[in-house]
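[1] test case, fold it:
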Amino acid sequence: MKLPDSLRDQLKIPLGFLLPDDQVNKENIEKHLLGSSYIIAVGDRTTEKMIDFGLIPSLQIIDGVEKREKREPPKFEGSIELNVNNPAAQITPQSIDVLKRAFTLQPPVRLMINGEEDLLVIPACIFAPENSIVLYGQPNQGLVIVKITPEIRNKTQRLLDSMN
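    Numbering: from 1, shown residues only. Below you'll find the predicted structure:
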């Protein structure tokens with residue numbers, strides 16, 4: 001499924017609460033977590049920050065690239081790493097299948113994307129377990145914190161459907 005140009009502007013609007021860059025710290029993030037939140041971090045920088053804060057994401061979705069520059073992936077001490085191809089500006093059926101599988105495994109799990117992970121925020125919001133929080137970076141603005149609710153699932157499902 002390719003991202004149509006008509007959706008590009010819509011995807012620049014944060015899906016959840018935008019925590020400005022200068023306020024991204026462990027204390028401010030923890031205010032949005034419930035005790036047993038299933039944390040999903042999308043992006044290398046977001047994943048790295050969470051690990052540095054001692055908030056180990058249950059699912060880490062990374063691609064080894066930040067702002068189009070290759071980078072060293074964040075350190076990982078989980079037991080399972082899954083790999084999948086997902087070209088830029090697309091969400092492949094294989095990516096969705098591997099994402100769904102990741103949710104069935106004992107966390108922490110890392111999903112290593114060969115291509116680009118940005119749009120995987122959409123299926124992550126759709127298929128995330130109950131009590132999940134999705135975290136992703138909003139370039140040059142801050143960290144987006146998305147509490148998974150039926151409304152968010154419906155909104156992201158509509159986005160995914162419009163990509164067909």
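
[2] ok, E130 touching I148?
    Yes - counting by CB atoms under 8 Å, I148 is a contact partner of E130 at 7.4 Å. Using the backbone N, CA and C atoms, a C-beta is placed for each residue, glycine as well.

[3] who's more crowded, these two?
    I148 (23 against 7; other CB atoms under 10 Å).

[4] which residues does the closest residue to that one other than its chain neighbours form beta bridges with?
    In space, I148 comes closest to S132 once its chain neighbours are excluded; the distance is 4.3 Å by CB to CB, 6 or more residues apart in numbering. Beta-bridge partners for S132, by DSSP bridges, are Y38.

[5] now swap in K70 and tell me
    Going by DSSP bridges, K70 forms beta bridges with V65.

[6] which residue is the nearest non-sequential neighbour of the most centrally placed residue in the chain?
    For the chain, the residue nearest the mean C-alpha position is V42 (2.6 Å; CA atoms, centre = their mean). Spatial nearest neighbour of V42, excluding adjacent residues (CB to CB, 6+ apart): Y136 at 4.1 Å.

[7] which of the three states applies to the one you found?
    With DSSP: H, G, I helix; E, B strand; the rest coil as the basis, Y136 sits in strand.

[8] residues in contact with it?
    Applying CB atoms under 8 Å, 6 or more residues apart in numbering, we find Y136 in contact with 41-43, 46, 118, 121, 143-144, 146.

[9] which one of the residues you listed sits closest to L34?
    Relative to L34, the closest of those is V146; by CB to CB it sits at 13.5 Å.

[10] where do the helices sit along this protein?
    5-8, 26-30, 44-52, 93-104, 121-127, 150-161 (DSSP state H).

[11] closest one to S6 out of the contacts of Y136, please.
    Distance ranking of the contacts of Y136 against S6, using CB to CB, places D118 first at 17.2 Å.

[12] the closest one - how many residues pack around it?
    22.

[13] what does the model give E72 for pLDDT?
    pLDDT recorded at E72 is 84.

[14] and it, how far from N85?
    21 Å (CB to CB, to the nearest Å).

[15] looking at the two, which one has more neighbours?
    The neighbour comparison of E72 against N85 (other CB under 10 Å) goes to N85, with 12 against 9.

[16] the more buried one pairs with what?
    N114.

[17] my read: it touches G115, true?
    Yes - under the criterion of CB under 8 Å, N85 makes contact with G115 at 5.6 Å.
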